[in-house]
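Q: Dropping a prediction and its sequence here:
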Amino acid sequence: MKKVTIILMGMILVALLGYRYLAPGPKVKNARPQGDNIICFGDSLTAGTGAATGMDYPSQLARMIGRPVINAGLAGDTTAGALDRLEQDVLARSPRIVLITIGGNDLTHGVDREIFSRNLQTIITRIQAAGALVVVGGIEVPLRDRGFREGYQEAARATGAILIPSIFQGILGRPDLMSDPIHPNSAGYTLMAEHFYEAVRPYL
């Protein structure tokens, strides 16, 4: 009897662990998006600082998916600045899918993580209210992220946005893929475009 009890307890434990680690994440908001345009919105990583002409990630993504992509990147932008221009640069353009890279300047300028996360959530929810799918490219800077990694995760969980945890995956720290310590070169932006393409491909 004791042996049977131990076996049953073991089976329950395995089932609970399996649910914890294999259960699906938050439901994706606007998985069947409305609107007309694919828009890349963000800072210098979207604008393409460090890339040759036509090699920024939105241009490369457009070639991968075979349809136009609007580049609404602004070098030096912060989440507060992105909020100020959200209506003109995104919402007024009939967004269908919006890919966001923002937060690096908040991090380097010392913006509080809570303010960053709140601004990001506001940006996401306003875009989603227009019926668009949102994909966020997170930024991870080892040893200097001040909790911003968790801020991206919180925003994605709260809104149902798709999160790429690190848009720099496979890029940061590789001199052959960087134009300077912060920005990729053309080849680095190719990898960034591929990250976004894999995330967005099921929803095209």
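A: Yes, it's here.
Q: quick one: Ile171 and Gly188 touch, right?
A: Yes: assessed by C-beta atoms under 8 Å, Ile171 is found in contact with Gly188 at 4.6 Å. For every residue, glycine as well, the C-beta is placed using N, CA and C.
Q: who touches both of those two?
A: Leu177, Met178 (C-beta atoms under 8 Å, 6 or more residues apart in numbering).
Q: Show me which helix or strand of the protein is least confident by mean pLDDT.
A: helix 2-22 (a mean of 38; mean pLDDT, DSSP states H and E).
Q: partners of the helix or strand just after it, with directions?
A: Tracing the chain past helix 2-22, the next element assigned as helix or strand by DSSP states H and E is strand 37-42. Counting by DSSP bridges, the strands paired with strand 37-42 are strand 70-73 (parallel), strand 95-101 (parallel).
Q: Redo the ones you listed as TSV? Include mean pLDDT, mean neighbour count and distance to Val141.
A: Converted to TSV, those look like this (pLDDT from 0 to 100; neighbours: other C-beta atoms under 10 Å; distance: least, C-beta to C-beta, whole Å):
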stretch	mean pLDDT	mean neighbour count	distance to Val141
strand 70-73	98	20	19
strand 95-101	98	26	13
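Q: how about the ones you listed in JSON lines, adding distance to Thr108?
A: Converted to JSON lines, the strands paired with strand 37-42 look like this (distance: least, C-beta to C-beta, whole Å):
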{"stretch": "strand 70-73", "distance to Thr108": "17"}
{"stretch": "strand 95-101", "distance to Thr108": "14"}
